[in-house]
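*Asks:* model this:
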Amino acid sequence: MISLDQVTCRRGGRAVVREATTLFARSEVTAVLGANGAGKSSLLRLASGEWTPHTGHVRWDVTPLARLERSELARRRAVVSQVLPAAFPCRVLDLVLLGRLPHRTTSRRTDTETSLRALDEVGLAGLAARSVETLSGGEHARVHLARALAQLSEARTAGDGALLLDEPTASLDPAHQHRILELARAIAGDGLAVIVVLHDVNLAAAYADRVILMREGGIAAVGTVRDALTPAALREVYSLDFTPVPTPSGTLFFVPTGHCHEPMIQQGGTP
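*Replies:* Predicted coordinates for the structure are as follows:
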């Protein structure tokens with residue numbers, strides 16, 4: 001669905017993504033993992049069309065992403081970036097309604113009903129009238145996810161769209177982390193491609209169909225959980241030893257079992 005072919009992107013004089021080739025398929029959750037600064041968010045921005053690569057190609061099916069009308073792209077894919085509080089006071093419902101802006105032919109009633117359903121999906125149905133200024137960080141994250149779900153309502157019905165999430169579990173407690181990723185799986189079940197940047201290897205192992213491991217802007221490993229999350233690949237990416245342990249549900253749980261193999265660099269460059 002969304003494919004990257006030998007994509008390189010430079011920002012600030014350095015390559016933040018290097019010669020990346022991968023496919024984000026319909027009906028799959030793809031988790032993007034890697035250490036801080038590995039290029040995960042940059043890869044997401046390229047896949048979403050926010051950034052244009054310096055070399056290589058990003059396509060939606062066979063069409064170059066840059067050739068799609070921005071309005072059409074907005075109806076077919078939604079992005080939830082690392083969330084910041086709203087820059088202006090408004091109701092929660094008003095923030096979610098922003099996701100309906102690409103759908104100019106729908107009625108206000110349809111937009112409101114769609115937005116309320118999206119809030120219900122993320123467990124915030126009772127907060128529609130609240131001011132966003134009163135929300136916790138975790139509630140902010142879930143409201144922005146609801147905005148994306150409202151944006152993708154028609155795409156989910158058609159089974160043709162993409163949801164891109166940048167660290168959606170970062171400010172959530174464990175119960176809500178699992179609820180959001182269960183929702184990501186349900187959206188993939190509607191036929192959409194779901195791309196999620198995560199820091200937690202075990203959340204990726206529990207919910208992803210495919211995993212991309214990034215290191216220094218390049219793709220170090222890609223494949224199923226069992227193919228990509230090998231001890232050797234994890235050590236290369238995180239400089240840390242992991243032992244995979246089977247769980248009763250059949251997934252793998254990755255336990256850090258060794259010391260970091262690289263010294264932590266302190267401010268000023270002193271190891």
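*Asks:* contacts, neighbours, all on C-alpha from now
*Replies:* Noted.
*Asks:* Stretch 47-63: which residues count as buried?
*Replies:* 47-49, 52-53, 56-60 (16 or more other C-alpha atoms under 10 Å).
*Asks:* now do stretch 32-50
*Replies:* 32-35, 38-49.
*Asks:* if we can go back for a sec, so which of the buried residues of stretch 47-63 belong to strands?
*Replies:* 56-60 (DSSP state E).
*Asks:* Okay, and which of the buried residues of stretch 32-50 map to strands?
*Replies:* 32-34.
*Asks:* between those residues, which is closest to residue 10?
*Replies:* If you rank these by distance to residue 10 using C-alpha to C-alpha, residue 34 comes first, at 18.5 Å.
*Asks:* OK, contacts around the closest one?
*Replies:* By C-alpha atoms under 8 Å, 6 or more residues apart in numbering, the contact list for residue 34 reads 40, 199, 213-215, 237-238.
*Asks:* can you list those in JSON lines and add pLDDT, distance to residue 95 and secondary structure?
*Replies:* Formatted as JSON lines, the contacts of residue 34 follow (pLDDT from 0 to 100; distance: C-alpha to C-alpha, whole Å; DSSP: H, G, I helix; E, B strand; the rest coil):
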{"residue": "40", "pLDDT": "97", "distance to residue 95": "26", "secondary structure": "helix"}
{"residue": "199", "pLDDT": "95", "distance to residue 95": "27", "secondary structure": "coil"}
{"residue": "213", "pLDDT": "98", "distance to residue 95": "33", "secondary structure": "strand"}
{"residue": "214", "pLDDT": "98", "distance to residue 95": "33", "secondary structure": "strand"}
{"residue": "215", "pLDDT": "97", "distance to residue 95": "35", "secondary structure": "strand"}
{"residue": "237", "pLDDT": "95", "distance to residue 95": "37", "secondary structure": "helix"}
{"residue": "238", "pLDDT": "95", "distance to residue 95": "37", "secondary structure": "helix"}
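*Asks:* between those residues, which has the most around it?
*Replies:* Highest neighbour count within the contacts of residue 34, by other C-alpha atoms under 10 Å: residue 40, with 30 neighbours.
*Asks:* Is it correct that that one is in contact with residue 196?
*Replies:* No - applying C-alpha atoms under 8 Å, one finds residue 40 not in contact with residue 196, separated by 9.4 Å.
*Asks:* Helices of this structure, residue ranges please.
*Replies:* Remark: helices assigned in the chain by DSSP state H are 40-48, 70-76, 92-97, 108-121, 137-151, 153-158, 174-189, 201-207, 225-228, 231-238.
*Asks:* Can you pull out the low-pLDDT segments for the stretch 51-200 of the chain?
*Replies:* Within the stretch 51-200 of the chain, the stretches with pLDDT under 70 are 83-87.
*Asks:* Roughly how far does residue 109 sit from residue 115?
*Replies:* Noted for residue 109: a distance of 10 Å to residue 115, by C-alpha to C-alpha, to the nearest Å.
*Asks:* sorry, that was for residue 20
*Replies:* Counting by C-alpha to C-alpha - residue 20 and residue 115 are separated by 36 Å.
*Asks:* who's more crowded, these two?
*Replies:* A direct count of neighbours by other C-alpha under 10 Å for residue 20 and residue 115 places residue 115 higher, at 30 against 20.
*Asks:* could you list every residue that touches that one?
*Replies:* 93, 96-97, 100, 146-147, 150.
*Asks:* pretty sure residue 24 is in contact with residue 1, am I right?
*Replies:* Yes - counting by C-alpha under 8 Å, residue 24 touches residue 1, with 6.0 Å between them.
*Asks:* Those two - which one has more neighbours?
*Replies:* Using other C-alpha under 10 Å as the criterion, residue 24 and residue 1 rank with residue 24 on top: 21 against 18.
*Asks:* what does stretch 207-227 contact?
*Replies:* 15-21, 28-35, 37-40, 181-182, 185, 204-205, 228-229, 233, 237.
*Asks:* From start to finish, how long is that stretch in a straight line?
*Replies:* 15 Å.
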